[in-house]
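> have a look at this prediction, sequence included:
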Amino acid sequence: MLTIELEKISLAYGENTVVRDVSFRMLPGEMVGLVGPNGSGKSTLIKSLSRILSPIRGRITANNCDISRLGRRELARLISVVPQTPWLPSAYTAFEIVLMGRNPHLGTFQYESEKDLAIAWEAMERAGVQQFAERRISELSGGEIQSVLIARALAQETEGILLDEPTANLDIGRQIEVLDLIKEECHRRHLTVIAAIHDLNLAAHYCEKLVLIRRGELYAFGSPQEVITTDNICQVYGPGSYVHEHPLTGLPAVLPRVGNVKNGDGCR
Ligand SMILES: Nc1ncnc2c1ncn2[C@@H]1O[C@H](COP(=O)(O)OP(=O)(O)OP(=O)(O)O)[C@@H](O)[C@H]1O
């Protein structure tokens with residue numbers, strides 16, 4: 001069981017500080033959605049959680065241990081990453097990419113065992129990508145590659161998963177399948193999951209908690225009902241949309257403000 005905590009972290013590219021004093025906590029069995037406009041700092045936060053980028057101030061802990069103290073392999077056994085724009089060896093098959101998820105569990109010069117192959121195959125089945133197993137990764141579509149990377153994260157058998165826009169290249173049917181899968185794994189294995197998601201309605205539907213980022217600062221953190229309000233959405237995204245209660249789920253739903261929308265809770 002993994003608790004991840006960000007304690008007043010600031011992140012920079014060279015002299016340019018793009019994330020300032022962000023704090024929040026992620027608990028086991030909880031799916032946290034990272035939302036905010038383009039360029040607000042979501043991917044940068046994901047990079048800091050996978051230690052691609054170290055905080056210039058503050059710290060990130062995994063079960064109270066500063067992640068900067070963990071070795072690369074130790075961190076990779078704890079947290080897997082589904083990146084937005086991955087570099088992948090184009091000659092590898094989808095199965096070989098998924099099998100890479102077993103690397104943190106292997107010793108130096110150790111080959112994958114039958115058990116590793118079985119875990120990779122099962123992860124492909126769970127992610128619904130077994131039909132691509134023998135295809136080269138360079139021959140798959142963006143959406144297919146994204147699903148293969150989710151299978152790789154499952155094969156890694158970590159307690160935490162970071163996903164940077166896991167549904168970005170997917171059609172609506174596949175978006176739902178992928179988010180259903182992540183949610184199910186999150187509950188079944190008590191995973192700690194954080195996903196940067198642009199679609200606020202999907203984020204509200206699937207995530208227990210949302211982190212709303214504006215210009216590198218934490219604007220709101222809490223349940224979808226607490227975070228997705230017309231006021232917050234207008235302040236962060238501008239006046240082009242409004243929030244109403246979804247008639248079936250009771251969750252907040254965001255709609256474009258087209259025409260003469262009458263909504264007492266509008267933007268100020
Ligand atoms: N490698 C980099 N070098 C310098 N600046 C960067 C780099 N990557 C991102 N930035 C800047 O950091 C800020 C935050 O970018 P980030 O990619 O974290 O935003 P985001 O919220 O993920 O955006 P989007 O929703 O468009 O993917 C932006 O101003 C961006 O231009």
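Yep, that arrived.
> right, and Arg59 touches Arg51 too?
No: at 11.7 Å, Arg59 does not count as touching Arg51 under the criterion of Cβ atoms under 8 Å. Bear in mind the C-beta positions are built from the backbone N, C-alpha and C, glycine included.
> overlap in contacts, those two.
Ser68 (Cβ atoms under 8 Å, 6 or more residues apart in numbering).
> how about the residues of the protein near the ligand?
By the rule Cβ under 6 Å from any ligand atom, the part of the chain lying against the ligand is 13, 16, 18, 36, 38-44.
> just the buried residues from those residues, in PyMOL please.
Buried subset of the residues of the chain next to the ligand, written as a PyMOL selection, criterion 16 or more other Cβ atoms under 10 Å:
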select buried, resi 18+36+40+41+42+43+44
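> what's the strand or helix carrying Tyr242 packed up against?
Per DSSP states H and E: Tyr242 is located in strand 241-245. Applying 3 or more Cβ pairs under 8 Å, 6 or more residues apart in numbering; DSSP states H and E, we find strand 241-245 packed against helix 230-237, strand 252-256.
> what's the closest of the ones you listed to Leu6?
helix 230-237 (19.1 Å; Cβ to Cβ).
> that closest one packs against which elements?
Using 3+ Cβ pairs under 8 Å, 6+ apart: helix 230-237 touches strand 209-214, strand 217-222, strand 241-245.
> before we move on, back to that, which of the helices and strands packed on strand 241-245 is buried the deepest?
helix 230-237 (a mean of 18; mean count of other Cβ atoms under 10 Å).
> can you pull out the strands in the protein?
4-13, 16-26, 30-35, 57-62, 65-66, 79-82, 160-164, 192-196, 209-214, 217-222, 241-245, 252-256 (DSSP state E).
> could you check the angle strand 57-62 makes with the longest one?
With axes from the mean of the first three to the mean of the last three Cα atoms, to 10 degrees as the criterion, the two stretches strand 16-26 and strand 57-62 enclose an angle of 30 degrees.
> and what of the last one?
Counting by the same axes, to 10 degrees, strand 252-256 points 130 degrees away from the direction of strand 57-62.
> what's next to stretch 56-69, contact-wise?
1-12, 17, 21-23, 48-49, 51, 54, 70, 75, 78-79, 160.
> how distant is that stretch from the center of its chain?
19 Å (Cα atoms, centre = their mean, to the nearest Å).
> what do you get for stretch 42-62?
The answer for stretch 42-62 is 14 Å, by Cα atoms, centre = their mean.
> re earlier: mind checking which of the strands of the chain is nearest Val129?
strand 79-82 (12.9 Å).
> elements contacting that closest one?
Against strand 79-82 (3+ Cβ pairs under 8 Å, 6+ apart) you get helix 142-155, strand 160-164.
> pairing partners for that strand, with directions?
Strand pairing for strand 79-82, determined by DSSP bridges: strand 160-164 (parallel).
> I'd like the average pLDDT over the strand it pairs with.
Over the span of strand 160-164, the pLDDT mean works out to 94.
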